[in-house]
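A.B. asks: only geometry, no sequence info:
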């Protein structure tokens, strides 16, 4: 899947893998590079590894680096500071997926590429701040 046309350098993007270990390795590699990121936007279990890499690098959230979680979970509230989150209704995602599957099973011209706009909510917490 091609990446969106974001205005950033490719060497600052790590776009695959979802485990805590992957999150740690990807964040660690970015943090030891010359161009250190001012923010991480992560999903799935990556958040655990990214927080670990940030802490082991001696950096502070949000004073040194901002952190945003993409997903739908309440566990972001237990971190210190609590992590800002972009969330969506999992029920809506399930309904859309079921509709696509049902359409494909009934041959109702559901073949090809689909663009789906999923409503999201930004839950502001304490993990974002200006880059230092």
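C.D. replies: Okay, I see it. Since the model is a prediction, treat every value here as computed from it, not as a measurement.

A.B. asks: List the buried residues of the longest helix seen in the chain.
C.D. replies: Longest among the helix segments of the chain by residue count, using DSSP state H, is helix 90-105. Residues of helix 90-105 classed as buried by neighbour count (16 or more other CB atoms under 10 Å): none. Yep, even glycine has a C-beta here, placed from its N, CA and C like the rest.

A.B. asks: Report the beta-bridge partner residues of residue 39.
C.D. replies: For residue 39, the beta-bridge partners are residue 66 (DSSP bridges).

A.B. asks: Was I right to think it contacts residue 67?
C.D. replies: Yes - Residue 39 lies in contact with residue 67 (CB atoms under 8 Å); the separation is 7.0 Å.

A.B. asks: of the two, who's got more company?
C.D. replies: For residue 39 versus residue 67, neighbours defined as other CB atoms under 10 Å are more numerous around residue 67 (26 against 16).

A.B. asks: which residues does the more buried one contact?
C.D. replies: Shown in contact with residue 67 (CB atoms under 8 Å, 6 or more residues apart in numbering): 39-40, 42, 47, 50-51, 54, 61, 83-84, 127-128.
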